[in-house]
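Chemist: from the sequence below, what's the structure:
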Amino acid sequence: MTAVEGSRAMGDASSRCPLTVVVRVNGHRPAAWVASCVRFLAESKHIRLAAVLLDDRPTAQRPSDPDSRPRLDGDAPRVITALDRLIALHSTGRMPDPLVATEIDDVLAAFHPVVVDQLSVGGARDCVSAIAPDIVVDLTPPGHPPLSLAAQPRYGVWSYRFHAFGADDLRGVARLETIRRTTLTGFEVITSPAFQQRGSCVAEAVVLTGSVSAMQNRAQTLWSAAPLMSQAIGHFALTGRMRLNSSASDSVPVADDVPEGPRLGAAIALHCGRVFMEACRRTILRDQWVLVADEINQLPDSLHGPRYLLDPGPQRYWADPCVVEHDGSSYVFAEEFPYDTRRGRIVVLDIHRLSSRPTCQVVLDEPWHLSYPFVFSWQGDYYMLPECSETGELRLYRCVTFPKDWRFERTVMTGVRGFDGTLLQHDGRWWLFLAVAHFPWTVSAHELNVYWTDDPVHGNWHAHPHNPVCLDARCSRPGGGFLHAGERLLRVGQDASEGYGSGLCLLEVTQLTDTEYEEHQIAVVRSRWLKGFLGTHTLATSGAHRVMDVRRRISRLQRTHAGSQDRIRSE
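Modeler: Modelled structure (predicted):
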């Protein structure tokens, strides 16, 4: 396909929705994450899954290939690999192995595509020629015999590519990033170069690297990759455009220095030693989130001067602040996490006078974990949308007596694991920005979805057609309410480029309609301007105050009074 033909094909893709797709997998029992990928494709309203090719031919082994990369299974000493497996079991708990063989018949029975069994080269060619699909999705592992086609599908053959380690063996996917202490792990959907004239990348996602176990990071990466193929095809079907799916300004760091032989075993041993030292540190110290407040409503990277530390005491932390001005007083709603119960609840602090110790009281406590209390006003009443992702719902609460008495109002959404829901009133509509995760065992909420409605309390929320609008752990997850700088609309996102809770980023929203969304990053905010603090992940502002949460380390033997207040200065 020529460049001109490729541009014309992209331009008319949206007129052919849904797109006809044929999928190739390696037999009746592919890897579990592949079966999930097929399910996402079949469930998409923008895709017609016409056929599934079950290719039972054996995958070629590549140990004798001098250009192949070493594996983390087999090439490393077995005792070290076994140790990493034990660490993974301890740290991930219930996360299933994405590479375990899984029956795909149940998935296929629910959607009734044409199934070509015991695939031969001629059978695949005839099937694809008869269907004439728009896209062929190849989900077979590296080293599988190539798919022979009489002619290229209209929009090419699409497949996955994982960054760095694992080009030749899925058992090595995303494991070197943990060993090399790379904080981010990336993966892509690619298509045939003849179709994508500017390169082979169709869509890219960036997730936070699991720092404890290499096997844990592999599992998390493969599960996170499962929905990306259907998202990329769905976006292409709607818009006819490719995307890279990142608002961050920097490219993903790639751990391309692959150790071999004894160096590989030494690298894994060093990583296990770091994990052991971190476990020892955690027996003495713990990470704690506290609040920092001031009385100047400006962006944090432009401030230098006094601040007030709101200390929750050693037995809990305070995080995810939301500031509300009411009747001349300033209130901060925040998550309180007692270390003994390990279940978050919502508290409110009166910070009208920062020079005195603020009062604190619990205003919302449920049998499940609560965090990120986003409070907004609508038709004379206050409402709260706290995070309660473990319930699989978004629950809305109404204030009966401000600020302490809240009652459940309604369930906004069901069947969604949503994180850090943030509301915005813009151009006569209400918009909800929500980080989502598709599986209960994944820990990286790197997808940002947008929804809109005319009534935030009683109305139905409509999904933006470009969802997910961002797939990047460096900026997707909301980190507080929107900011206005003159006529510029700024979204606050969490930046995990140096680890979870390491900082914030500011992104300017340049388009926000029910059909379009665009943003670009303009600044990154760290907590280094405050001595002794390691990170931040929420910023809240009001007409008179600005509050951030910051992370520090304290001794488990430390004794202070809850709610104490201290004056601190910038470095």
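
Chemist: what sits against V469?
Modeler: Residues near V469 by CB atoms under 8 Å, 6 or more residues apart in numbering: L448, N449, V450, Y517, E519. C-beta here means a position set from N, CA and C on the backbone, and glycine is covered the same way.

Chemist: those: which two are farthest apart?
Modeler: N449 and E519 (13.8 Å; CB to CB).

Chemist: just confirm P367 is within a helix.
Modeler: No: judged by DSSP: H, G, I helix; E, B strand; the rest coil, P367 forms no part of a helix; its state is coil.

Chemist: next one: it, what pLDDT does it get?
Modeler: The score at P367 is 96. That number is its pLDDT.

Chemist: for it, give me phi and psi.
Modeler: Note on P367: backbone dihedrals following degrees, to the nearest 10 are phi -70, psi -10.

Chemist: model confidence for L147, exactly?
Modeler: pLDDT for L147: 80.

Chemist: where are the low-confidence patches of the stretch 201-350 of the chain?
Modeler: Along the stretch 201-350 of the chain, the parts satisfying pLDDT under 70 run over 243-265, 296-306.

Chemist: go with 50
Modeler: By pLDDT under 50, the weakly predicted segments of the stretch 201-350 of the chain are 301-306.

Chemist: quick one: contacts for the residue nearest in space to the middle of the chain?
Modeler: For the chain, the residue nearest the mean C-alpha position is H446 (1.2 Å; CA atoms, centre = their mean). Shown in contact with H446 (CB under 8 Å, 6+ apart): A205, V206, V207, L208, S224, A435, L471, D472, A473, S476, R477.

Chemist: low-confidence stretches in this structure?
Modeler: Across the chain (using pLDDT under 50), the flagged ranges come out as 1-11, 62-75, 165-168, 195-199, 301-306, 561-563, 569-571.

Chemist: give me the nearest residue to T536, chain neighbours excluded.
Modeler: S527 (4.3 Å; CB to CB, 6 or more residues apart in numbering).

Chemist: pretty sure the one you found is touching R551, no?
Modeler: Yes: counting by CB atoms under 8 Å, R551 is a contact partner of S527 at 7.3 Å.

Chemist: mind listing the shared neighbours of these two?
Modeler: Counting by CB under 8 Å, 6+ apart, the contacts common to S527 and R551 are F533, L534, G535, T536.

Chemist: pretty sure the last one contacts V550?
Modeler: Yes: using CB under 8 Å, T536 is in contact with V550, at 5.0 Å.

Chemist: which residues are common contacts for these two?
Modeler: What both T536 and V550 touch, as defined by CB under 8 Å, 6+ apart, is the set S527.

Chemist: looking at those two, which is more packed in?
Modeler: T536 (26 against 23; other CB atoms under 10 Å).

Chemist: that one sits in which helix or strand?
Modeler: strand 535-541 (DSSP states H and E).

Chemist: and that strand, which strands flank it?
Modeler: The strands beside strand 535-541 in its sheet (DSSP bridges) come out as strand 546-555 (antiparallel).

Chemist: what's the strand it pairs with in contact with?
Modeler: Here strand 546-555 makes contact (CB under 8 Å, 6+ apart) with 284-298, 300, 314, 318-321, 323, 332, 334, 351, 501, 527, 530, 532-541.
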